[in-house]
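A.B. asks: give me a 3D structure for the following:
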Amino acid sequence: MMENIRIVESFIDNAKDTHNISDDIYGNIMIAVTESVNNAIKHGNKEDKRKKVNLSMEMYDNKIRFLVEDEGIGFDFSNLIDPTAPENLENPGGRGIFLMRHLSDEVNFNKNGKSVELIFYMSA
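C.D. replies: Below you'll find the model as predicted:
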(Lines give C-alpha, C1' and ligand atoms only; values in the text may rest on other atoms or scores of the structure.)
Protein backbone atom coordinates (compact mmCIF):
# COMPACT_ATOMS: atom_id res chain seq x y z
CA MET A 1 0.00 0.00 0.00
CA MET A 2 2.74 2.48 0.93
CA GLU A 3 4.60 1.87 -2.33
CA ASN A 4 1.41 2.83 -4.22
CA ILE A 5 1.21 6.09 -2.27
CA ARG A 6 4.86 6.83 -3.11
CA ILE A 7 3.99 6.35 -6.80
CA VAL A 8 1.07 8.80 -6.43
CA GLU A 9 3.26 11.34 -4.61
CA SER A 10 5.91 11.07 -7.31
CA PHE A 11 3.22 11.47 -10.02
CA ILE A 12 1.97 14.67 -8.33
CA ASP A 13 5.50 16.01 -7.76
CA ASN A 14 6.25 15.44 -11.42
CA ALA A 15 3.03 17.24 -12.43
CA LYS A 16 3.92 20.14 -10.11
CA ASP A 17 7.29 20.59 -11.80
CA THR A 18 6.03 20.04 -15.35
CA HIS A 19 2.97 22.31 -15.09
CA ASN A 20 4.21 24.89 -12.56
CA ILE A 21 1.52 24.04 -10.02
CA SER A 22 1.62 26.64 -7.27
CA ASP A 23 2.44 25.76 -3.69
CA ASP A 24 -0.99 27.18 -2.78
CA ILE A 25 -2.80 24.18 -4.24
CA TYR A 26 0.00 21.60 -4.28
CA GLY A 27 -0.68 20.47 -0.69
CA ASN A 28 -4.42 20.22 -1.34
CA ILE A 29 -3.81 18.16 -4.47
CA MET A 30 -1.39 15.85 -2.65
CA ILE A 31 -3.81 15.11 0.20
CA ALA A 32 -7.00 14.88 -1.88
CA VAL A 33 -5.54 12.66 -4.62
CA THR A 34 -3.73 10.42 -2.11
CA GLU A 35 -6.97 10.01 -0.14
CA SER A 36 -8.84 9.16 -3.32
CA VAL A 37 -6.29 6.51 -4.33
CA ASN A 38 -6.32 5.10 -0.78
CA ASN A 39 -10.10 4.81 -0.90
CA ALA A 40 -9.95 3.15 -4.32
CA ILE A 41 -7.45 0.54 -3.07
CA LYS A 42 -9.06 -0.09 0.31
CA HIS A 43 -12.79 0.31 -0.30
CA GLY A 44 -13.18 0.05 -4.08
CA ASN A 45 -10.86 -2.85 -4.83
CA LYS A 46 -11.07 -4.32 -1.28
CA GLU A 47 -7.24 -4.49 -1.31
CA ASP A 48 -7.36 -7.14 -4.04
CA LYS A 49 -3.86 -7.04 -5.57
CA ARG A 50 -5.20 -8.29 -8.90
CA LYS A 51 -7.34 -5.17 -9.29
CA LYS A 52 -5.93 -1.91 -10.56
CA VAL A 53 -6.46 1.74 -9.72
CA ASN A 54 -5.98 4.14 -12.62
CA LEU A 55 -4.82 7.68 -11.98
CA SER A 56 -4.73 10.24 -14.75
CA MET A 57 -4.34 13.99 -14.95
CA GLU A 58 -5.16 16.64 -17.51
CA MET A 59 -5.01 20.40 -17.60
CA TYR A 60 -7.46 22.71 -19.34
CA ASP A 61 -8.75 26.27 -18.88
CA ASN A 62 -6.57 26.94 -15.82
CA LYS A 63 -7.86 23.77 -14.17
CA ILE A 64 -6.11 20.57 -13.20
CA ARG A 65 -8.27 17.46 -13.33
CA PHE A 66 -7.30 14.19 -11.65
CA LEU A 67 -9.29 11.05 -12.37
CA VAL A 68 -9.06 8.05 -10.03
CA GLU A 69 -10.82 4.85 -11.11
CA ASP A 70 -10.98 1.48 -9.37
CA GLU A 71 -12.32 -1.93 -10.38
CA GLY A 72 -14.76 -2.29 -7.48
CA ILE A 73 -18.57 -2.28 -7.54
CA GLY A 74 -18.90 1.38 -6.55
CA PHE A 75 -20.71 2.89 -3.56
CA ASP A 76 -23.59 5.17 -2.68
CA PHE A 77 -21.83 8.54 -2.63
CA SER A 78 -25.12 10.39 -2.11
CA ASN A 79 -25.58 8.90 1.35
CA LEU A 80 -22.37 9.56 3.28
CA ILE A 81 -22.05 10.19 6.99
CA ASP A 82 -20.75 13.55 8.17
CA PRO A 83 -17.45 12.85 9.97
CA THR A 84 -17.75 16.19 11.82
CA ALA A 85 -21.07 15.26 13.45
CA PRO A 86 -20.58 14.63 17.19
CA GLU A 87 -21.74 11.00 16.95
CA ASN A 88 -19.14 10.28 14.25
CA LEU A 89 -16.07 11.98 15.71
CA GLU A 90 -14.74 8.73 17.18
CA ASN A 91 -15.15 6.77 13.92
CA PRO A 92 -11.82 5.92 12.31
CA GLY A 93 -13.24 6.13 8.77
CA GLY A 94 -15.36 8.53 6.78
CA ARG A 95 -12.90 11.38 6.52
CA GLY A 96 -11.42 10.71 3.08
CA ILE A 97 -14.29 12.02 0.98
CA PHE A 98 -14.85 14.85 3.47
CA LEU A 99 -11.21 15.91 2.95
CA MET A 100 -11.43 15.51 -0.81
CA ARG A 101 -14.51 17.75 -0.95
CA HIS A 102 -12.90 20.43 1.21
CA LEU A 103 -9.51 20.47 -0.51
CA SER A 104 -10.67 20.24 -4.14
CA ASP A 105 -12.56 22.93 -6.02
CA GLU A 106 -14.85 20.25 -7.50
CA VAL A 107 -15.41 16.56 -6.73
CA ASN A 108 -17.50 14.45 -9.07
CA PHE A 109 -18.35 10.78 -8.69
CA ASN A 110 -19.07 8.75 -11.82
CA LYS A 111 -19.73 5.12 -12.71
CA ASN A 112 -21.60 4.47 -9.42
CA GLY A 113 -18.66 5.80 -7.43
CA LYS A 114 -15.97 3.73 -9.14
CA SER A 115 -14.57 6.88 -10.69
CA VAL A 116 -13.72 10.09 -8.82
CA GLU A 117 -12.87 13.34 -10.56
CA LEU A 118 -10.98 15.95 -8.52
CA ILE A 119 -10.67 19.41 -10.05
CA PHE A 120 -8.40 22.19 -8.81
CA TYR A 121 -8.38 25.73 -10.14
CA MET A 122 -4.99 27.23 -10.96
CA SER A 123 -4.48 30.79 -9.85
CA ALA A 124 -4.11 33.04 -12.86
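
A.B. asks: would you map the helices across the chain?
C.D. replies: Secondary structure of the chain (DSSP state H): helices located at 2-19, 23-39, 96-103.

A.B. asks: can you pull out the low-pLDDT segments for this protein?
C.D. replies: 1-2, 124 (pLDDT under 70).

A.B. asks: for the spatially most central residue of the chain, list the residues it contacts.
C.D. replies: Here the mean C-alpha position of the chain is nearest to the C-alpha of Ser36 (C-alpha atoms, centre = their mean), at a distance of 2.7 Å. Residues counted as contacts of Ser36 (C-beta atoms under 8 Å, 6 or more residues apart in numbering) are 66, 68, 96, 100, 116, 118. For the C-beta atoms, the positions are set from N, CA and C on the backbone; glycine is no exception.

A.B. asks: contact partners for the last one?
C.D. replies: Same thing as Leu118. 29, 32-33, 36, 65-68, 100, 104, 106-107.

A.B. asks: could you rerun that using 7 Å?
C.D. replies: Contacts for Leu118 (C-beta atoms under 7 Å, 6 or more residues apart in numbering) come out as 32-33, 36, 66, 100, 104, 107.

A.B. asks: so what pairs up with it in the strands?
C.D. replies: Phe66, Val107 (DSSP bridges).

A.B. asks: how many other residues sit next to Gly96?
C.D. replies: 20 (other C-beta atoms under 10 Å).

A.B. asks: that one and Glu35: what is the separation?
C.D. replies: 4 Å (C-beta to C-beta, to the nearest Å).

A.B. asks: got the end-to-end distance for stretch 36-51?
C.D. replies: In stretch 36-51, first residue to last residue: 16 Å (C-alpha to C-alpha, to the nearest Å).

A.B. asks: buried residues in that stretch?
C.D. replies: Neighbour counts over stretch 36-51 (16 or more other C-beta atoms under 10 Å) mark 36-41, 43-45 as buried.

A.B. asks: nearest to Asp13 among those residues?
C.D. replies: Proximity of the buried residues of stretch 36-51 to Asp13 (C-beta to C-beta) peaks at Val37, which lies at 14.5 Å.

A.B. asks: what's near enough to touch the residue lying closest to Lys114 once chain neighbours are set aside?
C.D. replies: Of all residues not flanking Lys114 in the chain, Gly74 sits nearest, at 4.6 Å (C-beta to C-beta, 6 or more residues apart in numbering). Neighbour list for Gly74: 111-114 [criterion: C-beta under 7 Å, 6+ apart].
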